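Participant: For reference, the sequence and a predicted model appear below.
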Amino acid sequence: MNTPLSEAIGRALLHSLWEGAAVALGLAIVLGAVRRPAVRYAAACAGMLAIVAAIGVTLSLVWPAPVARFAIPRGTFAPAATGSGLPTPVSTKPADALGWLAPLWAAGVVLFYLRGAAGWFAARRLRRAGVCSAAAFWQERIAELAARMRVTKTVALLESALAETPVVIGHLRPVVLVPLGMLAGLPGAQVESILLHELAHVRRRDYLVNLVQAAVEGILFYHPAVWWISGVMRSERENCCDDLVVAATGSVREYASALMAIEGRRMTGAVVAATGGSLMKRVERLLGRRSRRDGVVMPVVAAVLTLAVAAGMVVEGRPAAVVVQKKVESAVVVREAPKQVLVAQNATPQPPAESAPRTMTVEDLETKEAALKKELVTPYKNWLDNDVVYIISDQEKKAFQGLSTDEERGHFVEQFWQRRDPTPGTPENEMKEEHYRRIAYANEHFAADVPGWKTDRGRIYIQYGPPDEIEAHPSGGRYTRPAAQGGADIQTYPFEQWLYRYIDGVGRNVIIEFVDKDGTGAYHMTMDPNEKDALLQQK
């Protein structure tokens, strides 16, 4: 602390405050006058480099001059008198405040770099833990999309059980991670738009740029202007990639829907280069840009989508699902005992997985006795009662129970999955992989006093996949009832509402409600929307 070097560093740090403020002011003027994301991003990058360059120039100007050394003849013990002709040595005692700045700054840099190293290791772990290779169809598709985006590197596509949103990791060998089940849970056009966005990051080398940006943030951690400029860079970086996706697909509406779907999935559950910025702000920017360009038609479309975005901004400051109700194509939830099935208005009801209890007849007893004699042994009994209990038809189940040898049962299981394979002739069976992925997800997220696949939420998730929208109230409490249900503010148990825009054989805009009356996490599917009203149940 008591050295000229420490004083010089302290002076440079102090000067960097007004220098950074001046750069930030200039950048703010540029951002106010320019709307193109590419220009705004370049201006932010230039502003960050300008602050670093200004500090370097200042440090070179205040760098201490070398202290002159003088040889004193031997035998000379008395100090030289004033005016003897020898230069006066330079004082090496700096100001106390400036002396303290350098070590405090160095300690802060070390802490921020340690945090950055932890984030880097976390990203490496995200790349290796809890991942599986995507289906062959999507592996081939991402190669085609990479060529379309003029990406020369080989980009791997993996599904991750840990990632909440799509992310790019790596520069030399980039990998795109997508949340587990997203490839099967979203429409193909939306998935391709999301993959194009991640490939745009690879094309722009954003992962590498973000590492350099993080290094500058560590050095200038104390500077508010640096953090503001860094936020502008991340936001405009996403906007640049969004524009590349729109240019490649030509569809703003499809891409905006994909962004909203990602935000909805993120509700239910340290990414470099593929995160940053608000998804909803990005959607609004895309819609606003298109509305000015497309004359009369697009403003109407933009207004409708913007209203949908605004309606989703509800639960705890995060976008929640929009519960859509229509008179013509409405869907209601009907509870059967002991299982529940969904019945759509003007649609043919699906048969329940198990019928309600009824009086046993002689024929029933004989059938049951015959079934007991043909009791299946594991693993086939487990396959029938656990693995495919929600998706096997009554005819298939009866045929399987009539088999007498394991060889016949094994052949039946093989044909069962072949009949459901969406891409026959390929090594992978996407339907089978997605089914077991749903079971694993249900066991991980919906387990209570029973395994997750046995719960109501798990059954619906396994049968119909991820919902299009979710409105979740995990703590219950105050809730404004929709006008269609009578309106008014009520106190509720914890509950969730799942919206499926379309279920084959059931109908459109199917709303399923789950209520946790006991507060144990065991959500049960309800028939009456009033079942979540805590005060009503106490009367």
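Facilitator: Ah, there it is.
Participant: check which helix or strand covers the residue nearest the centre of the chain.
Facilitator: Centroid check for the chain by Cα atoms, centre = their mean gives residue 165 as the closest residue, at 2.2 Å. For residue 165, there is no host helix or strand (DSSP states H and E).
Participant: now swap in residue 178 and tell me
Facilitator: Using DSSP H and E, the element containing residue 178 is strand 175-179.
Participant: Can you dump the C-alpha atoms of the helix or strand that that strand is followed by in PDB for me?
Facilitator: Next in sequence after strand 175-179, counting helices and strands by DSSP H and E, comes helix 182-185. Only the C-alpha atoms of helix 182-185 are listed here, as PDB (Å, rounded to 0.1, in the frame of the first residue of the first chain):
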ATOM      1  CA  MET A 182     -39.200 -29.600 -25.400                       C
ATOM      2  CA  LEU A 183     -38.500 -31.200 -28.800                       C
ATOM      3  CA  ALA A 184     -41.600 -33.400 -28.500                       C
ATOM      4  CA  GLY A 185     -43.700 -30.900 -26.600                       C
END
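Participant: Helix 182-185 - contacts with which helices or strands?
Facilitator: In terms of contacts (3 or more Cβ pairs under 8 Å, 6 or more residues apart in numbering; DSSP states H and E), helix 182-185 is packed against helix 188-204, helix 430-445. Where C-beta positions appear, they are placed from N, C-alpha and C, glycine not excepted.
Participant: who does the longest one touch, helix- and strand-wise?
Facilitator: When contacts are defined as 3+ Cβ pairs under 8 Å, 6+ apart, helix 188-204 sits against helix 136-148, strand 167-169, strand 175-179, helix 182-185, helix 224-249, helix 252-267.
Participant: just so I know, which of these lies nearest residue 48?
Facilitator: Among the helices and strands packed on helix 188-204, helix 224-249 comes nearest to residue 48, with 5.3 Å by Cβ to Cβ.
Participant: List the buried residues for stretch 416-425?
Facilitator: For stretch 416-425, the neighbour count (16 or more other Cβ atoms under 10 Å) marks residue 416 as buried.
Participant: ok, now stretch 423-438?
Facilitator: 428, 429, 430, 431, 433, 434, 435, 437, 438.
Participant: tell me which of the residues you listed is nearest to residue 5?
Facilitator: After measuring those against residue 5 - Cβ to Cβ - the closest member comes out as residue 437, at 58.8 Å.
Participant: any idea how far residue 242 is from that closest one?
Facilitator: For residue 437, the distance to residue 242 (Cβ to Cβ, to the nearest Å) stands at 29 Å.
Participant: To residue 57, which of the helices and strands packed on helix 188-204 lies closest?
Facilitator: Using Cβ to Cβ as the measure, helix 224-249 is the one of those that comes nearest residue 57, at 16.7 Å.
Participant: Summarise which helices and strands that closest one is packed against.
Facilitator: For helix 224-249, the packing partners by 3+ Cβ pairs under 8 Å, 6+ apart are helix 4-33, helix 37-62, helix 188-204, helix 206-219, helix 252-267, helix 279-293.
Participant: okay, those in CSV with distance to residue 228 and mean pLDDT next?
Facilitator: Shown next, in CSV, are the helices and strands packed on helix 224-249 (distance: least, Cβ to Cβ, whole Å; pLDDT from 0 to 100):
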stretch, distance to residue 228, mean pLDDT
helix 4-33, 6, 88
helix 37-62, 9, 91
helix 188-204, 22, 88
helix 206-219, 11, 89
helix 252-267, 24, 70
helix 279-293, 16, 63
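Participant: so where is the stretch 251-400 of the chain shaky, pLDDT-wise?
Facilitator: Residues of the stretch 251-400 of the chain meeting the criterion pLDDT under 70: 263-279, 289-378.
Participant: still on that earlier bit, same list (the buried residues of stretch 423-438) but as CSV, adding distance to residue 286 and pLDDT.
Facilitator: As requested, these are exported to CSV (distance: Cβ to Cβ, whole Å; pLDDT from 0 to 100):
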residue, distance to residue 286, pLDDT
428, 34, 85
429, 37, 89
430, 31, 88
431, 34, 89
433, 33, 90
434, 30, 91
435, 35, 92
437, 31, 92
438, 32, 92
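Participant: Tell me the one among those residues nearest to residue 123.
Facilitator: For the buried residues of stretch 423-438, the nearest to residue 123 is residue 437 (23.3 Å; Cβ to Cβ).
Participant: Would you format the buried residues of stretch 423-438 as JSON lines with distance to residue 226 included?
Facilitator: Shown next, in JSON lines, are the buried residues of stretch 423-438 (distance: Cβ to Cβ, whole Å):
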{"residue": "428", "distance to residue 226": "47"}
{"residue": "429", "distance to residue 226": "51"}
{"residue": "430", "distance to residue 226": "47"}
{"residue": "431", "distance to residue 226": "50"}
{"residue": "433", "distance to residue 226": "46"}
{"residue": "434", "distance to residue 226": "45"}
{"residue": "435", "distance to residue 226": "49"}
{"residue": "437", "distance to residue 226": "42"}
{"residue": "438", "distance to residue 226": "45"}
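Participant: Closest to residue 103 out of the residues you listed?
Facilitator: Within the buried residues of stretch 423-438, the smallest distance to residue 103 is 52.6 Å, found for residue 437 (Cβ to Cβ).
Participant: and the closest one, what does it touch?
Facilitator: By Cβ atoms under 8 Å, 6 or more residues apart in numbering, residue 437 lies in contact with 180, 181, 184.
Participant: In CSV: those residues, plus pLDDT and neighbour count.
Facilitator: CSV is the format used below for the contacts of residue 437 (pLDDT from 0 to 100; neighbours: other Cβ atoms under 10 Å):
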residue, pLDDT, neighbour count
180, 79, 25
181, 77, 19
184, 77, 20
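Participant: Listing partners with orientation, what would you give for the strand holding residue 178?
Facilitator: Each strand paired with strand 175-179, and its direction, by DSSP bridges: strand 156-160 (parallel), strand 167-169 (antiparallel).
Participant: one step back: hey, which of the helices and strands packed on helix 182-185 is tucked in deepest?
Facilitator: Comparing these by mean neighbour count (mean count of other Cβ atoms under 10 Å), helix 188-204 ranks first with a mean of 22.
Participant: how much space is there between residue 443 and residue 453?
Facilitator: Remark: distance between residue 443 and residue 453 (Cβ to Cβ) = 6 Å.
Participant: Bridge partners for residue 169, pull those for me.
Facilitator: Assessed by DSSP bridges, residue 169 has beta-bridge partners residue 175.
Participant: and it, how far is that from residue 211?
Facilitator: Taking Cβ to Cβ, one finds residue 169 at 11 Å from residue 211.
Participant: higher neighbour count, those two?
Facilitator: Remark: of residue 169 and residue 211, residue 169 carries more neighbours, 24 against 14, as counted by other Cβ atoms under 10 Å.
Participant: That one reaches residue 175, doesn't it?
Facilitator: Yes. If you go by Cβ atoms under 8 Å, residue 169 and residue 175 touch, sitting 5.2 Å apart.
Participant: overlap in contacts of these two?
Facilitator: The contact sets of residue 169 and residue 175 overlap at residue 127 (Cβ under 8 Å, 6+ apart).
Participant: between the buried residues of stretch 423-438, which is closest to residue 24?
Facilitator: residue 437 (47.0 Å).
Participant: and residue 478, backbone torsions?
Facilitator: As for residue 478, its main-chain torsions (degrees, to the nearest 10) stand at phi -70, psi 140.
Participant: That one: what's it in contact with?
Facilitator: Contacts of residue 478 (Cβ under 8 Å, 6+ apart): 489, 490, 491, 492.
Participant: which one of those has the most neighbours?
Facilitator: residue 492 (21 neighbours).
Participant: Now find how far off-centre the longest helix out of those in the chain is within its chain.
Facilitator: Taking DSSP state H as the criterion, the chain has its longest helix at helix 96-128. How far helix 96-128 lies from its chain's middle: 26 Å, per Cα atoms, centre = their mean, to the nearest Å.
Participant: same check, this time on stretch 53-64
Facilitator: 42 Å.
Participant: Going forward, count from 28.
Facilitator: From this message on, residue numbering opens at 28, which makes the last subject stretch 80-91.
Participant: which residues are contacting that stretch?
Facilitator: With contact meaning Cβ under 8 Å, 6+ apart, stretch 80-91 is reached by 30-32, 34-36, 38-40, 42-43, 46-47, 50, 247.
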